[in-house]
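# mind folding the following:
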Amino acid sequence: MIGKGRVLALDVGGKRIGVALSDPLRFVARPLMVIQHVSREEDFAAIGRLVREHQVDLIVCGYPLSLDGSEGPQGRFVRHYAEELAEALTVRVELRDESYSTAEAESIMGTTGKRMTRSERRARVDAVAAAVILQGYLDAVNAGGSPVGDCQELDLG
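Below is the predicted model of the structure:
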């Protein structure tokens, strides 16, 4: 296993940011919360508070790629967001392919049987999708020592 300390995962959208957190040993991901997007400045402040509160030393952002693996408009949006986040905080930020994470989160949510309003469900799906992204990252790192091919560290220098 590479690194120690908690990992925070983000499922960045235009209205909401799903947030998930790992355990300190980096084996298990759990949905944490949803941040309502107001501005990048406020988003980054909220994420910074979570980083400090939970002693996070790595952030993994879900990176939406097209089916052919290319970067589309939403992928560019998330990459730019992650680059700005990495510059605003003192913690490493990586991108991880998030293909099918929302579909998997919706499937997981369907098995809970808990009744929710439509808006509660949409918000919860974002946090569960972040946990799906994070669990995939943790599993890859713990299985082989590196999520090669699935994750990329942002090059800011």
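# please count neighbours and contacts with C-alpha atoms only from this point.
Will do.
# the helix ranked longest in the chain: which residues count as buried?
Secondary structure of the chain per DSSP state H: the longest helix is helix 118-144. Going by neighbour count (16 or more other Cα atoms under 10 Å), the buried part of helix 118-144 is 123-141.
# likewise stretch 49-69?
50-51, 54, 56-65.
# now swap in stretch 12-23 and tell me
Val12, Gly13, Arg16, Ile17, Gly18, Val19, Ala20, Leu21, Ser22.
# Serialize the residues you listed to CSV and add fields for secondary structure and pLDDT.
As requested, those are exported to CSV (DSSP: H, G, I helix; E, B strand; the rest coil; pLDDT from 0 to 100):
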residue, secondary structure, pLDDT
Val12, strand, 95
Gly13, coil, 90
Arg16, strand, 94
Ile17, strand, 96
Gly18, strand, 95
Val19, strand, 97
Ala20, strand, 97
Leu21, strand, 98
Ser22, strand, 97
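# save those as TSV, and put in distance to Tyr81 too.
Output for these, formatted as TSV (distance: Cα to Cα, whole Å):
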residue	distance to Tyr81
Val12	8
Gly13	10
Arg16	13
Ile17	11
Gly18	14
Val19	15
Ala20	17
Leu21	19
Ser22	22
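# quick one: which of these is nearest to His80?
His80 has its nearest neighbour among these in Val12, at 11.2 Å by Cα to Cα.
# if we can go back for a sec, now do the longest helix of the chain: which elements does it pack against?
For helix 118-144, the elements it packs on are strand 6-12, strand 16-22, strand 29-36, strand 56-63, strand 92-97, helix 101-110, judged by 3 or more Cα pairs under 8 Å, 6 or more residues apart in numbering; DSSP states H and E.
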